[in-house]
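Novice: sequence and computational prediction follow.
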Amino acid sequence: MRILVTGGAGFIGSHLVEALLPKHEVSVIDNLSTGRRENLPQEVPLYEIDIRDKEALCRHLLSHSYDVVFHLAAQIDVRTSVEAPLRDAEINIIGTLHLLEALRKQVPWIVFASTGGAIYGEKPQLPIPESEAPQPESPYGIAKLAGELYIRSIAGLAKMPYTILRLANVYGPRQNPHGEAGVVAIFTHRLLTKQPVFIYGDGEQTRDFVYVADVVSAFLAVLRYPQRTHNETFNVGTGKPTSVNRLYHLIAAMTEAESVPTYLPPKPGELRHNALSIQKLRVATGWQPRYTLEAGIRQTVESFQQRRPFSKL
Ligand SMILES: NC(=O)c1ccc[n+]([C@@H]2O[C@H](COP(=O)([O-])OP(=O)(O)OC[C@H]3O[C@@H](n4cnc5c(N)ncnc54)[C@H](O)[C@@H]3O)[C@@H](O)[C@H]2O)c1
């Protein structure tokens, strides 16, 4: 199949591109704001287009046609979305609308990377199933929900099949340790480079940490079962909550760091607990995560040790 991955030069996108390559013709659209050319195999065509640039996007999609579009290009930093909600909306809402408009003539299958961490809000029962009403609190979560709703509406009217994947907290090799997102990458990088590690709040807040290879295998599982996944929304996570303290101690042990974390006041508006039910995708496709937290963290630490990614930043 001819496949386009927007945001394909980024963390998750580049792993997805690698996994798709053996069987498909893959192209990438990315403005390289956080993504990097080096993340991609040489043979993959990279079109440096900003999804806010509707004309450039339309021009590209007039001369290239795709069977499937994985839409991952996004502003992913919750704190940035709080400080600059308009910029976040321009990329995550308007950019998504530009893509939908530009795709209307080709009617490919659009698979959207949404968020399970920022869309549901605080829920009393964990893990959270897809049937729970979204109650996003940050502009990032609101913009992702808007993206979902626009995709359902516009793709639905255009008879363009779509699938929405609500990803939990993804971690793994190549994640940028210098933003606010990606606590595993931040802890790993700081512990390996002997910098202090900060934990906001008491560290007992929990998240659903899912290894990037498991997320990629979820995307591939969806691709294998179009009839069961068209026009559906699925969570992608592990179903298990892990505290930030536990995560810190795991990474500290694997990096053989002897430091202790510094506890700072909690960030306002931060969720206390999150974990996603993954039953729906499991039943539809047979997919399930393969990596334990220990195994995923080990892979991540080893890759950071070998590549020292971003060390000169
Ligand atoms: N990492 C996570 O834990 C997580 C969790 C839930 C959802 N997601 C979603 O998964 C997707 C990929 O996230 P990631 O962690 O790989 O982040 P990332 O920042 O590594 O990847 C995003 C990519 O989009 C590109 N991009 C950003 N703005 C763009 C624009 N205006 N035009 C074109 N390209 C642009 C960036 O250069 C980058 O390559 C995003 O949609 C994100 O919202 C990620």
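Specialist: Sure thing, it's come through.
Novice: what parts of the stretch 101-250 of the chain come near the ligand?
Specialist: Contacts of the stretch 101-250 of the chain with the ligand, taken as C-beta under 6 Å from any ligand atom, map to 113, 115, 117, 167, 169-170, 181. Every C-beta, even on glycine, is put in place using the N, C-alpha and C of the backbone.
Novice: can you tell me which of these are in strands?
Specialist: With DSSP state E as the criterion, strands contain 113, 115, 167, 169-170 from among these.
Novice: and the helices in the protein?
Specialist: Assigned by DSSP state H, the helices in the chain fall at 11-20, 54-63, 78-83, 85-89, 95-103, 139-150, 156-157, 183-192, 212-224, 226-229, 244-254, 279-285, 293-307.
Novice: quick check: which ranges of the stretch 201-313 of the chain have low pLDDT?
Specialist: By pLDDT under 70, the weakly predicted segments of the stretch 201-313 of the chain are 308-313.
Novice: give me that answer again for 50
Specialist: Applying pLDDT under 50 to the stretch 201-313 of the chain flags residues 309-313.
Novice: coming back round to it: now the ones in strands among the residues of the stretch 101-250 of the chain next to the ligand as CSV including pLDDT, distance to residue 283 and neighbour count?
Specialist: Formatted as CSV, those follow (pLDDT from 0 to 100; distance: C-beta to C-beta, whole Å; neighbours: other C-beta atoms under 10 Å):
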residue, pLDDT, distance to residue 283, neighbour count
113, 98, 21, 27
115, 97, 22, 26
167, 98, 18, 24
169, 96, 23, 23
170, 97, 22, 27
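Novice: for residue 97, what are its contacts?
Specialist: The neighbourhood of residue 97, defined by C-beta atoms under 8 Å, 6 or more residues apart in numbering, consists of 150, 154.
Novice: gap between it and the ligand?
Specialist: 12 Å (C-beta to the nearest ligand atom, to the nearest Å).
Novice: wait, doesn't residue 172 sit right on residue 296?
Specialist: Yes. Counting by C-beta atoms under 8 Å, residue 172 does reach residue 296; the two are 6.7 Å apart.
Novice: how many neighbours does residue 142 have?
Specialist: 20 (other C-beta atoms under 10 Å).
Novice: related to what we said a few turns ago, find the residues that touch each one of residue 172 and residue 296.
Specialist: Residues touching both residue 172 and residue 296 (C-beta under 8 Å, 6+ apart): 211, 213.
Novice: give the contact list for the residue located most distally from the centre of the chain.
Specialist: Centroid-distance maximum for the chain: residue 258 at 31.0 Å, with C-alpha atoms, centre = their mean. Shown here is residue 258, which makes no contacts under the criterion C-beta under 8 Å, 6+ apart.
Novice: is the ligand contacted by stretch 285-298?
Specialist: No. Taking C-beta under 6 Å from any ligand atom as the criterion, stretch 285-298 and the ligand are apart, separated by no less than 12.6 Å.
Novice: now stretch 270-282
Specialist: No. On the criterion C-beta under 6 Å from any ligand atom, stretch 270-282 is out of touch with the ligand, staying 10.3 Å away.
Novice: report the buried residues of that stretch.
Specialist: By neighbour count on 16 or more other C-beta atoms under 10 Å, the buried set for stretch 270-282 is 271, 273-278, 280-282.
Novice: burial of residue 151, as a residue count?
Specialist: Quick note: residue 151 (other C-beta under 10 Å) scores 25 neighbours.
Novice: roughly how far does it sit from residue 214?
Specialist: 23 Å (C-beta to C-beta, to the nearest Å).
Novice: count the neighbours of the residue lying closest to residue 255 once chain neighbours are set aside for me.
Specialist: Closest residue to residue 255 apart from its sequence neighbours, by C-beta to C-beta, 6 or more residues apart in numbering: residue 191 at 4.3 Å. A count of nearby residues for residue 191, using other C-beta under 10 Å, gives 24.
Novice: residue 191 and residue 276, how far apart?
Specialist: For residue 191, the distance to residue 276 equals 27 Å [C-beta to C-beta].
Novice: also residue 129?
Specialist: Relative to residue 276, residue 129 is positioned 8 Å away (C-beta to C-beta).
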